[in-house]
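**Student:** build me a model from this:
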Amino acid sequence: MPNYWLIKSEPFKYSWDDLNRDKETVWDGVRNHRAANNLKAMEKGDQCFFYHSNKGLEIVGIAEVSEAGLIDPTDPEGKWPTVKVKPVKPVENPVTLKAIKANPDLEGIELVRLSRLSVAEITAEEWKKIIAMSES
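**Tutor:** The predicted model follows:
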C-alpha cells in the first residue's frame, strides 16, 4: 500500500505541465528538515498530489515516486535527500487551498497546519477526501 504526499512547486518555476513534458524529474532543492524527512520516508510507488503554490494555490495533478533514496544533486555537501517523480494524471477538477481550508475533515492537514512546508505528508483519509473533492 503506497504512502501519500503533497509536493509543492511554484508554477512559474516548475509546473504540472513541465512535469508532463519531462515525463520524470528529480524533486530537488528542498532545504527544510521536516520536508527532507518526508522525502527520506518516500518509497517507490508512493502517490503525491502536485500542488501549485504561490500562484494558483491548488492541487492540479497526481504524481508517483519513481525512484527513492537519492541524494539531491544540487547539494554540494551531499546531505539533502531527494526522489524522482513522474506524472500519473491530472485531477478531474483542481482542488483549491480555499476549498481544503473550508472542509472540516481536512483541518489537520499538513498543507494548512505547516503552510510553508514544500513536501507534506497526506493521510489515507485526507487523500480519499481530496480525490472525492476533485471528482465533484
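
**Student:** tell me where this protein has helices.
**Tutor:** Secondary structure of the chain (DSSP state H): helices at 16-22, 33-41, 97-102, 110-113, 124-134.

**Student:** give me the distance between the closest residue to I71 other than its chain neighbours and V65.
**Tutor:** In this structure, I71 finds its nearest non-sequential neighbour in G78, 5.2 Å apart by C-beta to C-beta, 6 or more residues apart in numbering. No exception for glycine: its C-beta is placed from N, CA and C like everyone else's. As judged by C-beta to C-beta, to the nearest Å, G78 and V65 stand 20 Å apart.

**Student:** so between those two, which is more surrounded?
**Tutor:** Neighbour totals were compared for G78 and V65, and V65 leads with 23 against 8 (other C-beta atoms under 10 Å).

**Student:** any idea how many residues pack against the nearest residue to that one once chain neighbours are set aside?
**Tutor:** Spatial nearest neighbour of V65, excluding adjacent residues (C-beta to C-beta, 6+ apart): D46 at 4.4 Å. Residues near D46, counting by other C-beta under 10 Å, number 20.

**Student:** could you shift the numbering so residue one becomes 704, and keep it that way?
**Tutor:** With the count now opening at 704, the last piece we talked about shows up as D749.

**Student:** next one: phi and psi at the spatially closest residue to K801 that is not a sequence neighbour?
**Tutor:** Nearest non-adjacent residue to K801, counting by C-beta to C-beta, 6+ apart: L760, 7.4 Å away. Backbone torsions for L760, taken as degrees, to the nearest 10, come to phi 50, psi 60.

**Student:** on that earlier part again, out of the helices of the chain, the one nearest Y754 is which?
**Tutor:** Distance to Y754, taken as C-beta to C-beta, is lowest for helix 813-816 among the helices of the chain, at 7.2 Å.

**Student:** show me what that closest one is packed up against.
**Tutor:** Applying 3 or more C-beta pairs under 8 Å, 6 or more residues apart in numbering; DSSP states H and E, one finds that helix 813-816 makes contact with helix 800-805, strand 822-825.

**Student:** what about the nearest residue to N723 once chain neighbours are set aside, neighbour count?
**Tutor:** Nearest non-adjacent residue to N723, counting by C-beta to C-beta, 6+ apart: P790, 4.9 Å away. Residues contacting P790 under the criterion other C-beta under 10 Å number 21.
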